[in-house]
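*Asks:* Sequence and predicted structure below; questions after.
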Amino acid sequence: MKAAPAEPERSIYQHSVEVTLQGSYSDLHEYLVHLERSPLRMFWGQLNLDSVQHPRLKVTLTVHTLSLSKAWLVV
């Protein structure tokens with residue numbers, strides 16, 4: 001009797017991109033809320049806030065997605 005073929009192993013890949021934005025506190029907060037509510041299912045990780053040019057703020061954040069495809073971005 002032959003053994004049933006093994007099912008292929010599935011892997012989940014995390015794809016990340018670093019984004020830098022500038023604006024007021026309310027503009028940047030609105031962007032993050034929009035990102036979290038996006039139907040594209042993105043989420044953000046590390047966030048760095050630079051307030052040297054207050055009231056204009058600079059935010060650098062890492063945005064992530066999850067995928068079953070290894071080749072999400074080809075540059």
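*Replies:* Now that the structure is in, tell me what you want to look at.
*Asks:* Model confidence score at Q14, please.
*Replies:* Predicted confidence (pLDDT) for Q14: 88.
*Asks:* again with V74
*Replies:* Confidence score, pLDDT, at V74: 55.
*Asks:* Ok, A4 next?
*Replies:* 64.
*Asks:* can you map out the helices along the protein?
*Replies:* With helices called from DSSP state H, the chain shows them at 25-37.
*Asks:* where does it dip in pLDDT?
*Replies:* Judged by pLDDT under 70, the chain has its weakly predicted residues at 1, 3-8, 72-75.
*Asks:* what ranges do the strands span in it?
*Replies:* Using DSSP state E, the strands of the chain run over 13-23, 43-50, 57-67.
*Asks:* Redo these as CSV? Include distance to E30 and mean neighbour count.
*Replies:* C-beta here means a position set from N, CA and C on the backbone, and glycine is covered the same way. CSV is the format used below for the strands of the chain (distance: least, Cβ to Cβ, whole Å; neighbours: other Cβ atoms under 10 Å):
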stretch, distance to E30, mean neighbour count
strand 13-23, 9, 12
strand 43-50, 14, 12
strand 57-67, 12, 15
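*Asks:* now these in a markdown table, with distance to K2?
*Replies:* Below are those laid out as a markdown table (distance: least, Cβ to Cβ, whole Å):
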| stretch | distance to K2 |
| --- | --- |
| strand 13-23 | 32 |
| strand 43-50 | 44 |
| strand 57-67 | 34 |
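*Asks:* wouldn't L28 be in contact with R56 here?
*Replies:* No. Applying Cβ atoms under 8 Å as the test, L28 and R56 come out as separate, 10.1 Å apart.
*Asks:* which of those two has more neighbours?
*Replies:* Comparing L28 with R56 by other Cβ atoms under 10 Å, the one with more neighbours is L28, at 18 against 13.
*Asks:* Out of the strands of the chain, the one nearest L32 is which?
*Replies:* Among the strands of the chain, strand 43-50 comes nearest to L32, with 6.8 Å by Cβ to Cβ.
*Asks:* relative to strand 13-23, how tilted is the closest one?
*Replies:* Angle between the axes of strand 43-50 and strand 13-23 is 30 degrees (criterion: axes from the mean of the first three to the mean of the last three Cα atoms, to 10 degrees).
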